[in-house]
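Novice: give me a 3D structure for the following:
(chains A and B)
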Amino acid sequence: MSVQLRVNPIACEAHGMCAELLPELIELDDWGYPIVDGERVPPELLEHARRAADACPTLALLLAQRPN
Amino acid sequence: MTELSTTLADPATTKLPRLLAGLEGRRPVSLSEHHERLGHAPRLDSAGLLAEIERSGLRGRGGAGFPVARKMQTIVAGPTPQAVVANGSEGEPASRKDRLLMSRAPHLVLDGAVLAANVVGAEEAIVCVKRGAARAVAALLGAAQERADLAIDDVGLTVCEVSPQYVAGEETALVHQLNAGPPKPTFIPRRPFESGVAGRPTLLQNVETLAHLALIARFGAGWFRELGTDDDPGSILITLSGAVARPGVYEISAGMRLGRLLEAAGGSTGPLQAMLVGGYAGRWFAAEEAVDLPLGHQALGSLGGTLGPGVVTALPRGACAVGETAAIARYLARESSGQCGPCVHGLSAIADAMSEIACGHAAPGTHEWVTRWCEDVTGRGACHHPDGAARLVSSCLQLFAEDIDRHESGRPCIPPPALVDLLPTGADERAAAGNPA
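Specialist: Numbers count the residues shown, from 1 in each chain, chains lettered A, B, ... in the order given. Predicted structure coming up:
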């Protein structure tokens, strides 16, 4: 299984927690919304990615699991 | 836009018009006239009709140009019951072709909707028309009544008025409205073909697409392919507007060069600067390059363009392309459904910056911000609205780089040239409502 980051753009309210907790994979645009290119989360960052998803106040950050 | 419908006979193949044939009277074609000219739609089994559609290579005419058979197959394979939605919402302001078809050839559209329902096993087809398109609604309702009186269909037909907003015709937004939600796109884990109207697997097709389907069922895939190219088979409706002698809706052989369409429309009203191809989510091309463009989804796509819903607008040499683009960018920013941050903030910032550039108030280099914002917003909405706006503005920055530099150096067009009739005005909307041709 590989894990990809996705954002629900309707739910996202630019709290920015995800970029704080996962700066390795997420940067913010000029208005504070996360830019997520659907990149795979490397295994060593998986725990951080889960924490970021859990911390999102609107649950807009999603970890999509895909078969390899 | 001048209200006019014209058909273009291609000298190479005198087989046009197809969809626009028999529309000489300025009224809807009745059921008896329709059957007299075309006969009844044959009753084919679902698999046979689907195979014929696949052989025809018919692509969707709503904008994306997706192969119709492939879309149907996803529904056919799904669980029952299904629904069919005929999308006649025509949110693109410069497009007139869907309203023309619905208001003058309603039975062609309804035949297609019924046949599509037969293919996917739906018992109901819903035709969506934007509020204000009174003639189209009246024609469809009258046509549906004629059919109900004679009980010719085994599919229930409903005509539904939907929001006239730009984004409201997007597939998930349309389904959202039919499910009593607001006219806004939804975030998709589930596409309409999985869960659409009332949770049913739903096939959405543009009304022109369905009208082609009605003819393919009668005359076959081979006949359909007598026009167009291998990649872009059949005929296609194009709404031509701007600085041309005879603007209006034209039916052409798909893949035909834009220059030939211009000639058929009586040429331009003066020297042209550029053409906007694909509508407000389309792309600017320099006039001399545009005349060679092939008007087909595949052919144009391979050249980096998009046909969109078949919309072409001619910009005369005296007009200010920067100002026109700024006005459209402002319109598109306002038409954001307001749900996704990158679209709400990004399109608004892009529109503001473009307006400042157009007025000569922007600092040199402002366009570099716009370029970055266009990249930033692309692909970051629940629907493709920001992508289309970014495509239009990026093409302006590329094609009119010298104009942009001049505007940013404090030398805007003075006095500002009058805007070409690109944006819909109140008067235009009224005219369209009263006289949708």
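Novice: what are the pairing partners of the least confident helix or strand in chain A by mean pLDDT, and which direction each?
Specialist: One helix or strand of chain A scores below all others by mean pLDDT, DSSP states H and E: strand A:61-66, with a mean of 88. In the sheet, strand A:61-66 lines up against strand A:2-7 (antiparallel) (DSSP bridges).
Novice: helix, strand or coil: sort out the residue most central in space within chain B for me.
Specialist: Note on chain B: the residue nearest the mean C-alpha position is B:Pro309, at 2.3 Å, using Cα atoms, centre = their mean. Three-state assignment for B:Pro309 (DSSP: H, G, I helix; E, B strand; the rest coil): coil.
Novice: does it touch B:Gly60 like I think?
Specialist: No: using Cβ atoms under 8 Å, B:Pro309 is not in contact with B:Gly60, being 9.7 Å away. C-betas here are computed from N, CA, C, even on glycine.
Novice: can I assume A:Arg40 is in contact with A:Gln4?
Specialist: Yes: here A:Arg40 reaches A:Gln4: they are 5.8 Å apart, a contact under Cβ under 8 Å.
Novice: which one of those two has more residues nearby?
Specialist: A:Gln4 (16 against 13; other Cβ atoms under 10 Å in any protein chain shown).
Novice: not counting sequence-adjacent ones, nearest residue to that one?
Specialist: Leaving out its chain neighbours, the residue that sits closest to A:Gln4 by Cβ to Cβ, 6 or more residues apart in numbering or on different chains is A:Ala64, at 4.7 Å.
Novice: give me the number of residues near the one you found?
Specialist: For A:Ala64, using other Cβ under 10 Å, the count is 12.
Novice: wouldn't it be in contact with A:Ser2 here?
Specialist: No: in this structure, A:Ala64 is not within contact of A:Ser2 by Cβ under 8 Å, at 9.2 Å.
Novice: for the helix or strand harbouring B:Trp223, packing partners?
Specialist: Following DSSP states H and E, one finds B:Trp223 within helix B:207-224. In terms of contacts (3 or more Cβ pairs under 8 Å, 6 or more residues apart in numbering or on different chains; DSSP states H and E), helix B:207-224 is packed against helix B:31-38, helix B:46-56, strand B:82-88, helix B:97-104, helix B:106-120.
Novice: once you drop chain neighbours, what's closest to residue 40?
Specialist: Answering for chain A, as no chain was given. In space, A:Arg40 is closest to A:Ser2, 5.0 Å off (Cβ to Cβ, 6+ apart).
Novice: hmm, I had chain B in mind actually
Specialist: Nearest one to B:His40, counting by Cβ to Cβ, 6+ apart, is B:Ile152 at 7.5 Å.
Novice: which secondary structure element contains that neighbour?
Specialist: Under the criterion of DSSP H and E, B:Ile152 resides outside all helices and strands.
Novice: what stretches of chain A score poorly on pLDDT?
Specialist: Within chain A, the stretches with pLDDT under 70 are A:68.
Novice: how about the helices in it?
Specialist: A:17-21, A:46-55 (DSSP state H).
Novice: now for the longest one, which elements pack on it?
Specialist: In terms of contact count using 3+ Cβ pairs under 8 Å, 6+ apart, helix A:46-55 is assigned the packing partners strand A:2-7, helix A:17-21, strand A:61-66.
Novice: now that helix against strand A:2-7, angle please.
Specialist: With axes from the mean of the first three to the mean of the last three Cα atoms, to 10 degrees applied, the angle from helix A:46-55 to strand A:2-7 works out at 30 degrees.
Novice: and helix A:46-55, how far out from the chain middle?
Specialist: 8 Å (Cα atoms, centre = their mean, to the nearest Å).
Novice: so which bits of it are buried?
Specialist: A:Ala49, A:Arg50, A:Ala52, A:Ala53 (16 or more other Cβ atoms under 10 Å in any protein chain shown).
Novice: now swap in stretch B:121-128 and tell me
Specialist: Using 16+ other Cβ under 10 Å as the burial criterion, the residues of stretch B:121-128 that qualify are B:Ala122, B:Glu124, B:Ala125, B:Ile126, B:Val127, B:Cys128.
Novice: I'd assumed the fifth one was in a helix, is it?
Specialist: Which is B:Val127. No: using three-state DSSP, the assignment for B:Val127 is strand, not a helix.
Novice: skipping adjacent residues, who's closest to it in space?
Specialist: Among residues not flanking B:Val127 along the chain, B:Ala86 sits closest, at 4.3 Å (Cβ to Cβ, 6+ apart).
Novice: so what's the residue count around that neighbour?
Specialist: The number of residues packed near B:Ala86 is 33, by other Cβ under 10 Å.
Novice: and B:Leu38, how far from B:Leu31?
Specialist: 11 Å (Cβ to Cβ, to the nearest Å).
Novice: next one: A:Glu44
Specialist: 68 Å.
Novice: tell me which of the two has more neighbours.
Specialist: Comparing A:Glu44 with B:Leu31 by other Cβ under 10 Å, the one with more neighbours is B:Leu31, at 19 against 8.
Novice: what's the pLDDT at B:Asp428?
Specialist: Listed pLDDT for B:Asp428 reads 37.
Novice: distance from the least confident helix or strand of chain A to the middle of the chain?
Specialist: The gap between where strand A:61-66 is centred and where its chain is centred comes out at 9 Å by Cα atoms, centre = their mean.
Novice: return the set of buried residues in it.
Specialist: Across strand A:61-66, burial judged by 16+ other Cβ under 10 Å covers A:Leu61, A:Leu62.
Novice: who are the neighbours in contact with the nearest residue to B:Gln82 once chain neighbours are set aside?
Specialist: Leaving out its chain neighbours, the residue that sits closest to B:Gln82 by Cβ to Cβ, 6+ apart is B:Ala122, at 4.2 Å. Neighbour list for B:Ala122: B:Pro81, B:Gln82, B:Ala83, B:Val84, B:Ala116, B:Val155, B:Arg200, B:Leu203 [criterion: Cβ atoms under 8 Å, 6 or more residues apart in numbering or on different chains].
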